[in-house]
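Student: here is the input, now give the coordinates:
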Amino acid sequence: MNIVYASHVPIPSHRAYAVHVMHMCNAFAELGHSVTLYSMPGSDLNADVYSYYGIKNKFNIKYIRQIGFRGIAGLIYGWKIVSICRKNRSPNIFYSRHIYSALLASLSGWFVIYEVHMPVKNFFHRILLRFMNIKGDKFKLITITKSLKKKYLGDLPFLNSADFQVYPDCSILPSHKTKVNKNNQSDVGYIGNLYPGKGMELIIKIASSLPSINFHIVGGRKNEVLEWQKKYNGKNLIFHGHVNHGDLSKFYNLFNICLLPLQNYVSPDGGKADISKWTSPMKMFEYMSYKKAIIASDLPVLQEILKHNYNALIVDSQKIELWKDAIIHLTTNNSLLNTLAENAFNDIKNKYTWRLRCSNILSSI
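Tutor: Residues are numbered from 1 along each chain as shown. This is a model prediction of the structure:
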C-alpha cells in the first residue's frame, strides 16, 4: 500500500514525538509498504536522520516549512501536504498526527487514521473533529492510552467507545544484547528529557541519600543539564547529556536498574500542558526492550503496562524513602532484578514492538 504519514514536528530533533514518527514509518516500511513522511525540517538539514534514529529502512521524507500567521499556519501546513499528495499518487492510507492534515485528507475522501497523544486542544479543534468522517468507514481514531480514550469520550459527546482503538507506544528490539559490567551492578540509570515533572527533582534527592550508588542521566539540553548540576554537585550523579536516539544502546551497558520517576504534573518542553494522566512513555518500553529492571511512579497510566512485582516495582511518586528502598532491594536481590527484566522483555517481544503495532493497526482496518 501507499501510506502517507503527516506529522508536525522538526526532524531531526530531541522530541519524543519525532522518535515515534520515525519508528512508525520504519515499521510500515518493514511490512513492505511504500511510505512517505511529511515533517518540518530540523535544525541540522545535513544530518543523516535515519542513523540519527537508528533506522535502517530509508522511506521517503519530504520537508514542509510552516508559514503564515498564528491561527492559520497549521491549516496552511496541512493544505501543503494534502496538495502535494493530490498531485502525486493518492494514498491508500493517510496517517496523521496533525489535525489540519487529517481534516483536509478526510475531506478529500481518503482513508484517514488520526492518532492523538493529547486531549482536544481547544473548542475549535472539537469542531474540526466533528466535521471529520469519524462515523464513516474511511476514518479511524487511535489513542495511546486507555486514560486518553476515556478523556476524549468525556469531552466529545458525539464519540462512542467503538470510534476508538488504543495502541500504546512501543520499542524496537535491540539488535544485540546489552552487557553490564559486573563493577556496575548497583548503578542506576535514567534516559530521557529533563523538563519539569519528568523526575529529575526526585532523582537528585535519591542520589544525595544514596552516595554509594552511581546515577547516570542520559538526555537533556545543555542548559537543562547545567541547571540540574547547579542543584546537586555530588560525584554519584553523572550527566551524559543529549545522545542521538540511534546511539543510545551503548549507554544501557552502564546500569541494570532504570528509573521512571514521572510526577503528577509533567510539562512537555516546559510548556503549560500536563501529560501525566495520558502519557505512554517510549522510554518505558525501551527500558523493557533492553531487559532492565524498572522502578516506576504509581501513576495510573503507567500501570496500564507495568505490573508491580511482575515487570517493574511501582512506588509512590512522592515518597523518597520508598524509592531508596526499591533501589536497595534490587541491588541486593539479583533474582528479583532478573525476573522483572525478563518479564518486561517478554512483554515487549510479544506485545509492544513498532512492527507489531503497525501490523495490528492495518489488520484492524
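Student: same for the longest strand along the chain, what does it pack against?
Tutor: As assigned by DSSP state E, the longest strand anywhere in the chain is strand 2-11. Judged by 3 or more C-beta pairs under 8 Å, 6 or more residues apart in numbering; DSSP states H and E, the packing partners of strand 2-11 are helix 16-30, strand 34-41, helix 73-87, strand 93-96, helix 99-107. Where you see a C-beta, it was placed from the backbone N, CA and C, and this is true even at glycine.
Student: and these: which comes nearest Asn264?
Tutor: Across the helices and strands packed on strand 2-11, Asn264 has its closest neighbour in helix 16-30 (19.3 Å, C-beta to C-beta).
Student: which residues are contacting that closest one?
Tutor: The contact list for helix 16-30, computed with C-beta atoms under 8 Å, 6 or more residues apart in numbering, reads 3, 5, 7, 9-12, 35, 37, 39, 42, 49, 53, 55-57, 59, 95, 97, 117, 169-170, 172, 193, 245, 281-282, 353-355, 357-359.
Student: about what we covered before: and the angle from the longest strand of the chain to strand 34-41?
Tutor: On the basis of axes from the mean of the first three to the mean of the last three C-alpha atoms, to 10 degrees, strand 2-11 is oriented at 20 degrees to strand 34-41.
Student: just checking: what are the partner strands of strand 2-11?
Tutor: Using DSSP bridges, the strands paired with strand 2-11 are strand 34-41 (parallel), strand 93-96 (parallel).
Student: span of stretch 255-264 from start to end?
Tutor: 26 Å (C-alpha to C-alpha, to the nearest Å).
Student: what about it, distance to the chain center?
Tutor: Offset of stretch 255-264 from its chain centre (C-alpha atoms, centre = their mean, to the nearest Å): 15 Å.
Student: quick one, strands of the stretch 201-350 of the chain?
Tutor: Along the stretch 201-350 of the chain, counting by DSSP state E, counting those that start in this stretch, strands occupy 215-218, 237-241, 257-260, 293-297, 313-315.
Student: let's have those in CSV, adding mean neighbour count.
Tutor: Converted to CSV, these look like this (neighbours: other C-beta atoms under 10 Å):
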stretch, mean neighbour count
strand 215-218, 22
strand 237-241, 16
strand 257-260, 25
strand 293-297, 25
strand 313-315, 22
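Student: please pull out the lowest mean pLDDT helix or strand from this protein.
Tutor: Using mean pLDDT, DSSP states H and E, helix 123-131 stands out as the lowest-scoring helix or strand of the chain, at a mean of 87.
Student: gap between Lys2 and Phe59?
Tutor: In this structure residue 2 is Asn, not Lys. The gap separating Asn2 from Phe59 is 12 Å, by C-beta to C-beta, to the nearest Å.
Student: of the two, who's got more company?
Tutor: Ranked by neighbour count (other C-beta atoms under 10 Å), Asn2 and Phe59 place Phe59 first, with 19 against 15.
Student: that one contacts Gly32, doesn't it?
Tutor: No - if you go by C-beta atoms under 8 Å, Phe59 and Gly32 don't touch, sitting 11.6 Å apart.
Student: any common contacting residues for these two?
Tutor: In contact with both Phe59 and Gly32: no residue, using C-beta under 8 Å, 6+ apart.
Student: quick one on the thing from earlier: what residues of the longest strand of the chain count as buried?
Tutor: Neighbour counts over strand 2-11 (16 or more other C-beta atoms under 10 Å) mark 3-11 as buried.
Student: and that strand with helix 99-107, angle?
Tutor: 170 degrees.
Student: and stretch 113-132, what's buried?
Tutor: In terms of neighbour count (16+ other C-beta under 10 Å), stretch 113-132 has its buried residues at 113-117, 119-120, 125, 128-129, 132.
Student: all helices of the protein, in order?
Tutor: Remark: helices assigned in the chain by DSSP state H are 16-30, 49-52, 73-87, 99-107, 123-131, 146-155, 200-209, 222-231, 282-289, 320-332, 334-351, 354-363.
Student: what about the fourth one, distance to the chain center?
Tutor: Taking C-alpha atoms, centre = their mean, one finds helix 99-107 lying 23 Å from the centre of the chain it belongs to.
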